[in-house]
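# What would the 3D arrangement of this be:
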Amino acid sequence: ERDFKQDLKKRIDETSKYIRPKEDTLDFAFMYIPHEAIYYDLLVAKIGGIKISTQDLIEYAFKKHVLIVSPTSFLAFLQTVLQGLKALEIEESAKEILKRVEQLTTHLIRYEEYQKKLGNSLSTTVNHFNAANKEFVKIDKDVTRITGNSMESESLVLEKPQSIDGEDE
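The predicted structure follows:
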């Protein structure tokens, strides 16, 4: 009984050596017990007809991050790990999408700043154009006073550009 318990502890220690998170392994390992009856006896705290403290072994394995599995429970544990890995993959994808959306937001903010600067520049250009046009009309009046003939130029007035939100720049 004591030898059996010691042997299980050794197997738990051997299994725990495969847990190396720094080397990108999982934070736990499975220790497979290929006999369903022994696995069951381990859970109910008796091996065969002898009652031994198997709860200590299960706690020992848990502290070492070793999950003891049997032929019937192994598949369920593997499926659970697979679902966890899929969820982790989805979470990583969501993080990547969030990162890209943040980049897009930054670019949109910069684009909006440039649009405002361009609108202000266009507004200033239109103001200068309209002011120059008014001066040209004054020149036409001066020429008419001097010569008596009008150049009959039509004054062209441009409207100011509107900003994205519909207001005049």
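
# for the chain, where's the lowest mean pLDDT among helices and strands?
Of all helical and strand segments in the chain, the minimum by mean pLDDT, DSSP states H and E falls on helix 36-43, at a mean of 76.

# pLDDT weak spots in the protein?
In the predicted model, the chain carries pLDDT under 70 at residues 1, 45-55, 151-153, 163-169.

# can you map out the strands along the protein?
Assigned by DSSP state E, the chain shows strands spanning 29-32, 66-69.

# now the helices for this protein?
2-16, 36-43, 54-63, 71-147 (DSSP state H).

# I'd like these as a markdown table, with distance to residue 156 and mean neighbour count appended.
The way it works is simple: take the backbone N, C-alpha and C, and place the C-beta from them, glycine included. As requested, those are exported to a markdown table (distance: least, C-beta to C-beta, whole Å; neighbours: other C-beta atoms under 10 Å):
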| stretch | distance to residue 156 | mean neighbour count |
| --- | --- | --- |
| helix 2-16 | 86 | 14 |
| helix 36-43 | 93 | 15 |
| helix 54-63 | 86 | 16 |
| helix 71-147 | 6 | 11 |
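
# now for those, which one comes closest to residue 25?
Ranking the helices of the chain by distance to residue 25, with C-beta to C-beta as the measure, places helix 2-16 first at 11.2 Å.

# Next, the angle from that closest one to helix 36-43.
With axes from the mean of the first three to the mean of the last three C-alpha atoms, to 10 degrees defining the directions, helix 2-16 sits at 100 degrees from helix 36-43.
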